[in-house]
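Enquirer: Just need the structure, nothing else, for what follows:
(chains A, B, C and D)
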There are 2 protein chains.
Amino acid sequence: MTDQRRADTRDRLIDSAIETLRTHGIAGTSARTIAATGGVNQALIFYHFGGMEALLAEACRRTTERRVALYRDRFATVRSLRELLAAGREIHAAEKASGNVAVLAQLLAAGQTDVALGKVTADALALWVVEIEAVLTRLLRGSPLGDAVDAGGLSRAVSAAFVGMELYEGVDAEGGLAALDALDQLGVLVEVVEELGPLARRAVRGRVRRAAGGS
Amino acid sequence: MTDQRRADTRDRLIDSAIETLRTHGIAGTSARTIAATGGVNQALIFYHFGGMEALLAEACRRTTERRVALYRDRFATVRSLRELLAAGREIHAAEKASGNVAVLAQLLAAGQTDVALGKVTADALALWVVEIEAVLTRLLRGSPLGDAVDAGGLSRAVSAAFVGMELYEGVDAEGGLAALDALDQLGVLVEVVEELGPLARRAVRGRVRRAAGGS
DNA sequence: GTCTATAGTAGGATAGAC
DNA sequence: GTCTATCCTACTATAGAC
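Expert: Numbers count the residues shown, from 1 in each chain, chains lettered A, B, ... in the order given. Next up is the predicted model:
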């Protein structure tokens, strides 16, 4: 705690960048504001990273890696789609509080028009996707839904929706809560299909065949 | 076409702001870049709007109002949740091409740390929510799902996810496609529950009661 | 590795001529 | 309403002392 206070300057800058993105957004993040946040000289950003882009990229990578690793064990305990939904809401609450998905959202917005940042944020999202996909693949094996739904695609949809929810909550907290509750309610639907067991499996299989042939 | 070319300068600035947000993102949008996009003098932004914030707010309002109105008739033709999913994908494709949800996403990112823009983007999202909620309310009346799912909350979740998908596609087009396909596949699940009819309705009702009492 | 100082550019905003 | 010119601030980035 005594000499960790001024850690490595490099590390401090990365953490300061994360903190600045969280509190000031991408539009309010600059070499000067980041340096001020960390109490570090502004010129050191260019000494250690060569430019803003590399620092932001590193910040994106670090914050996402840390967070995803944090939830790996939690994901492993999940035994049903319903439990996954509950875990998702837990994680959402934790991320909301720590503000790390908010950082990813800011960089993702910037990545829309900056190819380098776009690549970096895509990689960061991929870290989430990999974890979610692993859980989904495991869970869908035992479910009637497994015949119909692609775990890779679904995990990408979930990750994207996760970011969207974070942004939405940031401007309408009340509405965000209602949205999360609705997703919980949709979990009921999943449960029903799962508990219907073989009957649902047959119905789903039939539907899939018809959908595949029909269009 | 002859004198609409230089429309009202005020209107031109709004359209230029939209275009600039789309192509340069919020970080690359300034009074100077907007003015350059529209071939308008930079000082006129402050004459007509008093400042950047008011211009961006107006741009947000206008682009969203236009787009939502465009889809009102399309929404009215939707007769089932499955059709709604298809309509959603259509609209997503159109918005992707025209880039208007991209503008909303940029402003939403900025709205996370700017209270004024936050209010504006919340209002813009509410325009989408109102339309989707109307359709959902109508459709859920005749569905077993109507007993379990809140149309207001679900329409908010859908709107948030819509924005998230747009951002995700912007950095990973291939992954975005897979995600959209997975959502289509989830539609199968909805169909199954809907076509199970009275049986599903009874199962859903039982589940809702248990969920309400259980937690 | 860290500091000060500074170059050079781009930002929001205003004054005043037309 | 529109233009030029300008103020002042903030930005990225570098040079050079320590």
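
Enquirer: my guess is A:Val120 contacts A:Cys60, does it?
Expert: Yes: taking contacts as C-beta atoms under 8 Å, A:Val120 lies within contact range of A:Cys60: 5.1 Å. All C-beta spots, glycine's among them, are computed from the backbone N, C-alpha and C.

Enquirer: Give me the common contacts of those two.
Expert: Shared contacts of A:Val120 and A:Cys60 (C-beta atoms under 8 Å, 6 or more residues apart in numbering or on different chains): A:Leu107.

Enquirer: which residue ranges form the helices in chain A?
Expert: Secondary structure of chain A (DSSP state H): helices at A:9-24, A:31-38, A:43-49, A:52-76, A:81-98, A:100-111, A:115-141, A:151-171, A:173-196, A:198-214.

Enquirer: Read off the pLDDT value for whichever residue of chain A sits closest to chain B.
Expert: Of all residues in chain A, the one sitting closest to chain B is A:Gly164 (2.3 Å; C-beta to the nearest C-beta). Looking at A:Gly164, its pLDDT reads 98.

Enquirer: Just give me the neighbour total for the closest residue to it other than its chain neighbours.
Expert: Distance criterion C-beta to C-beta, 6 or more residues apart in numbering or on different chains; nearest residue to A:Gly164, sequence neighbours excluded, is B:Gly164 at 2.3 Å. Close neighbours of B:Gly164, defined as other C-beta atoms under 10 Å in any protein chain shown, add up to 26.

Enquirer: Check A:Ala161 too.
Expert: Applying other C-beta under 10 Å, we find 25 residues neighbouring A:Ala161.

Enquirer: Spit out the contact partners of A:Val204.
Expert: Contacts of A:Val204 were listed using C-beta under 8 Å, 6+ apart, and they are A:144-145, A:147-148, A:193, B:188-189, B:192.

Enquirer: swap in A:Ala27?
Expert: B:26-27, B:110, B:113-114.

Enquirer: how about those in JSON lines, adding pLDDT?
Expert: Converted to JSON lines, these look like this (pLDDT from 0 to 100):
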{"residue": "B:Ile26", "pLDDT": "98"}
{"residue": "B:Ala27", "pLDDT": "98"}
{"residue": "B:Ala110", "pLDDT": "98"}
{"residue": "B:Thr113", "pLDDT": "97"}
{"residue": "B:Asp114", "pLDDT": "97"}
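
Enquirer: By neighbours, which of these wins?
Expert: Going by other C-beta under 10 Å, B:Ala110 tops the contacts of A:Ala27 with 28 neighbours.

Enquirer: Write out the residues of chain A neighbouring DNA strand D.
Expert: For chain A, the residues found near DNA strand D under the criterion C-beta under 7 Å from any atom of the strand are A:30-33, A:42-43, A:46-47, A:50-52.

Enquirer: Could you list the low-confidence segments of chain A?
Expert: Low-confidence segments of chain A, defined by pLDDT under 70, span residues A:1-6, A:197, A:200, A:208-215.

Enquirer: so what's A:Asp114 closest to, chain neighbours aside?
Expert: Of all residues not flanking A:Asp114 in the chain, B:Gly25 sits nearest, at 7.2 Å (C-beta to C-beta, 6+ apart).

Enquirer: ok, how many other residues are close to that neighbour?
Expert: B:Gly25: 25 neighbours (other C-beta under 10 Å).

Enquirer: Buried residues of stretch A:48-60, list them for me.
Expert: Within stretch A:48-60, the residues that qualify as buried are A:48-49, A:55-60, counting by 16 or more other C-beta atoms under 10 Å in any protein chain shown.

Enquirer: mind exporting it as PDB, just the C-alpha atoms?
Expert: Only the C-alpha atoms of stretch A:48-60 are listed here, as PDB (Å, rounded to 0.1, in the frame of the first residue of the first chain):
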ATOM      1  CA  HIS A  48       5.000   5.700 -22.400                       C
ATOM      2  CA  PHE A  49       2.400   5.100 -25.100                       C
ATOM      3  CA  GLY A  50       3.400   7.300 -28.100                       C
ATOM      4  CA  GLY A  51       0.000   8.700 -28.400                       C
ATOM      5  CA  MET A  52      -3.600   8.700 -27.100                       C
ATOM      6  CA  GLU A  53      -4.800   5.900 -29.300                       C
ATOM      7  CA  ALA A  54      -2.400   3.400 -27.800                       C
ATOM      8  CA  LEU A  55      -3.300   4.400 -24.300                       C
ATOM      9  CA  LEU A  56      -7.000   4.100 -24.900                       C
ATOM     10  CA  ALA A  57      -6.500   0.700 -26.500                       C
ATOM     11  CA  GLU A  58      -4.500  -0.500 -23.600                       C
ATOM     12  CA  ALA A  59      -7.200   0.800 -21.200                       C
ATOM     13  CA  CYS A  60      -9.900  -1.000 -23.100                       C
END
